[in-house]
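K.L.:
just need the structure, nothing else, for what follows:
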Amino acid sequence: MAKRERVVRMSVEQPLWRALTAYRVLTMAYAVLLFVFTRDTFERPWVAVAFLAVMSVWTLATLPKVAGAAGCTKRFLIADLAIALTGILLTPLADVHAQTFDGSTLPTIWTAGSVLAYAIKGGWRWAAFASSLVAVANIVERGHPSRDTLHNVLLVWVASIAIGYVVEVARASERTLARALEIEAATRERERLARDIHDSVLQVLAMVQRRGTALGGEAAELGRMAGEQEVALRTLVAGGLSPTSYVSEDESQGAVVRVVEEPDDDDTAAGAPVDLRTLLAPHAGSRVTFSEPGAPVLLPPAAAKELAAAVSAALDNVRRHAGDGAQAWILVEDWTDEVIVTVRDDGPGIPEGRLAQAEGEGRMGVALSIRGRLRDLGGTAELISVPGQGTEVELKVPRGKAGAGK
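P.N.:
Now for the predicted structure:
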């Protein structure tokens, strides 16, 4: 089993809800303290005491409601705004002179918390609705609103709509990012599956086609069928393979996606570093010369396995395209910050433009089995080929990105 990719959603609106929770508690305390220090100016202080008691109990009891979008329901928003509007309209009853002199209403700036809840939950349209009701209540409460009253009303109205609009833009950006990262995760998984298929099934089908054509007779028909299946499978690998993605949805509105790798049992079972030399040594033979450092070249198991598979793919290309008499060399270099493996042959080389043509035909050996593997390791694969002078493939894996230890 190979690594799978898991897409996890995490709400980025949570800081906004936490800030709103703190704002409601602080403004509740402010409203209570303001009344305590100015209670002598109230003609009916018992009205203010009754309202502030209800507002305080409501604020503390509904803290879980404003902890996230899931708890902040429409019913809660309506009740919360109703309490704020009631407090504004009760202000002249508790303080007769409130309509004559500009002063604070009973809920004071606690009212803005209700409007902000609408903005975070539903965007700028909900914010415009709530702030408009608050504006009407303030104008009615003043009777003859002054310039300061109109200024404060307009400020709350504009600020709440702006915050609601920013929330909507953030949600749209999050959805776009979520989709992009899901596509990236699916693409990387498809490339991994394509590499595995290329290293096994496609090469077997290509061999059956060549041997069948050479033998003739019924074997030639078998080779033709294998060739057709190879073409069909290459087409599927190049564009139509859909891997499974794992997505964990968050109930709250708006989420950002974080892509993490979930190693399978095989990866987690082998945690000790692996000597890359032991994986490459079996390639040595009469036509393959293997040159290695005198000390172990330690890499994490997954990185060593992928690098060895890329070398194997490069040697497969030598056997298939350089001819039966071609000689190949493998050179391993172990540097402090990176590991370099070079695969060189003395074959006829690759004509200019042949790799691009092969990718267009669905032959993704170099693109996926070699470059794709190194890209996933954070490394690079450079191919240098001169017609008539052979081909050289240089594979580099940075130790920091591969997590190797020495």
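
K.L.:
make it CA atoms for all contacts and neighbour counts henceforth
P.N.:
Will do.

K.L.:
what's the most far-flung residue of the chain relative to its centre in contact with, if anything?
P.N.:
What lies farthest from the middle of the chain is residue 43; by CA atoms, centre = their mean that is 59.0 Å. With contact set as CA atoms under 8 Å, 6 or more residues apart in numbering, residue 43 has these partners: 94-96.

K.L.:
and the buried ones among the residues you listed, selectable in ChimeraX?
P.N.:
Here is the ChimeraX command that selects the buried residues among those (16 or more other CA atoms under 10 Å):
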select :94,95
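
K.L.:
in TSV, list the contacts of residue 43 along with pLDDT, distance to residue 121 and secondary structure.
P.N.:
Putting those into TSV (pLDDT from 0 to 100; distance: CA to CA, whole Å; DSSP: H, G, I helix; E, B strand; the rest coil) gives the following:
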residue	pLDDT	distance to residue 121	secondary structure
94	86	33	helix
95	81	34	coil
96	71	36	helix
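
K.L.:
any idea how far residue 284 is from residue 394?
P.N.:
Using CA to CA, to the nearest Å, residue 284 is found at 18 Å from residue 394.

K.L.:
between the two, which one's more packed in?
P.N.:
Neighbours were tallied for residue 284 and for residue 394 using other CA atoms under 10 Å; the higher tally belongs to residue 394 (17 against 14).

K.L.:
which residue, other than its chain neighbours, is closest to the more buried one?
P.N.:
residue 342 (4.5 Å; CA to CA, 6 or more residues apart in numbering).

K.L.:
A strand includes that neighbour, no?
P.N.:
Yes - membership of residue 342 in a strand is supported by DSSP: H, G, I helix; E, B strand; the rest coil.

K.L.:
list the contacts for it?
P.N.:
329-332, 392-395.

K.L.:
which helix or strand in the chain has the lowest average pLDDT?
P.N.:
strand 246-248 (a mean of 36; mean pLDDT, DSSP states H and E).

K.L.:
okay, now residue 123: neighbour count?
P.N.:
So residue 123, with other CA under 10 Å, has 23 neighbours.

K.L.:
chain neighbours aside, what residue packs nearest to it?
P.N.:
Using CA to CA, 6+ apart, the closest residue to residue 123 is residue 164 (4.0 Å).

K.L.:
save the contacts of residue 43 as JSON lines, and put in distance to residue 317 too.
P.N.:
Shown next, in JSON lines, are the contacts of residue 43 (distance: CA to CA, whole Å):
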{"residue": "94", "distance to residue 317": "89"}
{"residue": "95", "distance to residue 317": "90"}
{"residue": "96", "distance to residue 317": "93"}
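
K.L.:
helices along this structure, start to end?
P.N.:
Ranges of helices in the chain, per DSSP state H, are 14-38, 45-61, 74-94, 110-122, 124-142, 147-197, 203-215, 218-235, 265-269, 276-280, 301-321, 354-360, 373-376, 399-402.

K.L.:
contact partners for the spatially closest residue to residue 351 that is not a sequence neighbour?
P.N.:
Nearest non-adjacent residue to residue 351, counting by CA to CA, 6+ apart: residue 387, 5.9 Å away. Residue 387 sits next to 348-351 when contact means CA under 8 Å, 6+ apart.

K.L.:
then residue 291?
P.N.:
329-332.

K.L.:
of these - the most surrounded one?
P.N.:
Counting by other CA under 10 Å, top hit in the contacts of residue 291: residue 330 with 23 neighbours.

K.L.:
look up how far residue 314 lies from that residue.
P.N.:
10 Å.

K.L.:
quick one: contacts for residue 134?
P.N.:
85, 111, 153.

K.L.:
wait, which of those residues is closest to residue 177?
P.N.:
residue 111 (34.4 Å; CA to CA).

K.L.:
quick one: that closest one and residue 117, what's the gap?
P.N.:
From residue 111 over to residue 117 (counting by CA to CA), the distance is 10 Å.

K.L.:
repeat for residue 123
P.N.:
9 Å.
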